[in-house]
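S.K.: Let's see this in three dimensions:
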Amino acid sequence: MSYKKILTRLVLGLLLVSALVLGVLWMVNYYKRIPPQSGTSVYSLAKKRAYALKEYAIKHKYDTDHCFLVDYSIPSGQPRFFIWNFATDKIEYSDYCLHGPGKGSTAKVPVFSNEKGSNCSSLGRFVVKKNLYGNSLGEKRSRLISGLDKTNSNARARGLMIHDSYYLDKCLLVPSAHLPLNGGACSGCVTITTAGFRKAKSIIEESPKEILLYTYFSSGE
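M.R.: From the prediction side, this is the model:
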């Protein structure tokens, strides 16, 4: 067999193996993105937070069809950003979400802060601003968020957003229990994938009212 034929077969073999590996990784991410189902602790806590938001939304005239949730107690290598649909009474969509690297945060354990310059994620209720977005990412990739609690009252001053991240997309090519921290990709914002933000953006734009967001960390409740 000629050298050229051997090289051709080798290249084709490598391409086949690469395709199989990518296929396996795609399947892993696909099944991990299936939203938590009724009866699980993650679902129960999400429902509890969602209905707390709905009460606030009714009182203050925010959207009561959907809300966004982030459960930071779930490892970052698993989907922990949820879109709750009140009409179906379930999690409609789930996505990955980074956390900020400040104040000694690690990939495994986030530290939360409301301080300016902390580069930390903040906990509590937010309003997703329908027509306000970050100057660096623009309207297609971001929306500013305003804090409603003492734990996130500096959100606007910090320029916090819900936005997408190409860095996060790349991280997901190799499944991991905890995604590496990156201050450029997330300095405290709600940072999700490009596909996740497209989904969130469509809901933000279709609603005549602003959407509420709740970020929380479960300690066994």
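
S.K.: Make sure R198 is indeed in a helix.
M.R.: Yes. Counting by DSSP: H, G, I helix; E, B strand; the rest coil, R198 falls inside a helix.

S.K.: Identify the residues contacting F126.
M.R.: Counting by C-beta atoms under 8 Å, 6 or more residues apart in numbering, F126 touches I145, S146, G147, L148, N152, A155, L160, L212, L213, Y214, T215. Using the backbone N, CA and C atoms, a C-beta is placed for each residue, glycine as well.

S.K.: Could you look up the SS state of V127?
M.R.: Applying three-state DSSP: V127 is strand.

S.K.: Which of the residues in stretch 102-121 are classified as buried?
M.R.: The neighbour-count check on stretch 102-121 (16 or more other C-beta atoms under 10 Å) flags G102, S105, A107, P110, V111, F112, S113, N114, S118, N119, C120, S121 as buried.

S.K.: mind saving the C-alpha coords of that stretch as PDB?
M.R.: Extracted in PDB, the C-alpha atoms of stretch 102-121 (Å, rounded to 0.1, in the frame of the first residue of the first chain):
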ATOM      1  CA  GLY A 102     -14.200  37.800  43.000                       C
ATOM      2  CA  LYS A 103     -13.400  37.700  46.800                       C
ATOM      3  CA  GLY A 104     -11.900  34.300  46.700                       C
ATOM      4  CA  SER A 105     -14.600  32.500  44.700                       C
ATOM      5  CA  THR A 106     -13.500  29.300  43.200                       C
ATOM      6  CA  ALA A 107     -14.900  27.300  40.300                       C
ATOM      7  CA  LYS A 108     -16.500  25.000  42.900                       C
ATOM      8  CA  VAL A 109     -17.600  27.500  45.500                       C
ATOM      9  CA  PRO A 110     -18.900  31.000  44.600                       C
ATOM     10  CA  VAL A 111     -18.700  34.000  47.000                       C
ATOM     11  CA  PHE A 112     -21.500  36.500  46.700                       C
ATOM     12  CA  SER A 113     -21.300  40.300  47.100                       C
ATOM     13  CA  ASN A 114     -23.100  43.500  46.400                       C
ATOM     14  CA  GLU A 115     -20.000  45.600  46.600                       C
ATOM     15  CA  LYS A 116     -18.900  47.700  43.600                       C
ATOM     16  CA  GLY A 117     -15.700  46.200  42.100                       C
ATOM     17  CA  SER A 118     -16.100  42.900  43.900                       C
ATOM     18  CA  ASN A 119     -16.400  40.900  40.600                       C
ATOM     19  CA  CYS A 120     -18.900  38.700  42.500                       C
ATOM     20  CA  SER A 121     -22.300  37.400  41.600                       C
END
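
S.K.: Adding distance to I91, secondary structure and pLDDT, write the buried residues of stretch 102-121 out as a markdown table.
M.R.: Converted to a markdown table, those look like this (distance: C-beta to C-beta, whole Å; DSSP: H, G, I helix; E, B strand; the rest coil; pLDDT from 0 to 100):
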| residue | distance to I91 | secondary structure | pLDDT |
| --- | --- | --- | --- |
| G102 | 29 | coil | 97 |
| S105 | 26 | coil | 98 |
| A107 | 24 | coil | 97 |
| P110 | 21 | coil | 98 |
| V111 | 27 | coil | 98 |
| F112 | 23 | strand | 98 |
| S113 | 28 | coil | 98 |
| N114 | 27 | coil | 98 |
| S118 | 30 | coil | 98 |
| N119 | 29 | coil | 98 |
| C120 | 26 | coil | 98 |
| S121 | 20 | strand | 98 |
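
S.K.: Nice, that's everything, thank you.
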